[in-house]
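Enquirer: test case, fold it:
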Amino acid sequence: MGMVVPKRHAKRSVTRQLLKRQIRAAFADRPGMPPGLWVVRLRSPFDRQKFPSAASDALRQAARAELAQLLDKAMTPKRESKA
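Expert: Residues are numbered from 1 along each chain as shown. Alright, predicted model coming up:
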């Protein structure tokens with residue numbers, strides 16, 4: 001598993017570490033993940049107006065909820081389309 005949390009999206013190291021811990025915990029909570037190489041990348045910054053603290057409980061919960069949604073989507077089998 002790989003994690004990419006760029007400095008331009010999470011300026012403070014406390015925030016980057018919080019996000020990395022949440023990613024690791026989200027994968028640990030899902031023992032039935034299909035085998036493969038998984039990379040989680042933060043693509044856009046969190047709103048600093050909504051999460052002013054670098055390591056708040058609100059940020060932790062928001063990150064965990066978004067990760068759960070993404071992992072649920074990754075675990076659902078894809079339906080093959082007929083072309």
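Enquirer: can you give me the buried ones in stretch 53-62?
Expert: Applying a neighbour-count criterion of 16 or more other CB atoms under 10 Å, the buried positions in stretch 53-62 are 54, 59-60, 62. Backbone N, C-alpha and C define where each C-beta goes, glycine included.
Enquirer: pick out the most distant pair among those.
Expert: With CB to CB as the measure, no two of the buried residues of stretch 53-62 lie farther apart than 54 and 62, at 13.7 Å.
Enquirer: SS state for the most centrally placed residue in the chain?
Expert: For the chain, the residue nearest the mean C-alpha position is residue 67 (4.2 Å; CA atoms, centre = their mean). For residue 67, the assignment made with DSSP: H, G, I helix; E, B strand; the rest coil gives helix.
Enquirer: tell me which element residue 3 falls in.
Expert: Assigned by DSSP states H and E, residue 3 falls within strand 2-4.
Enquirer: helix or strand right after that strand?
Expert: Past strand 2-4, the next helix or strand by DSSP H and E is helix 13-28.
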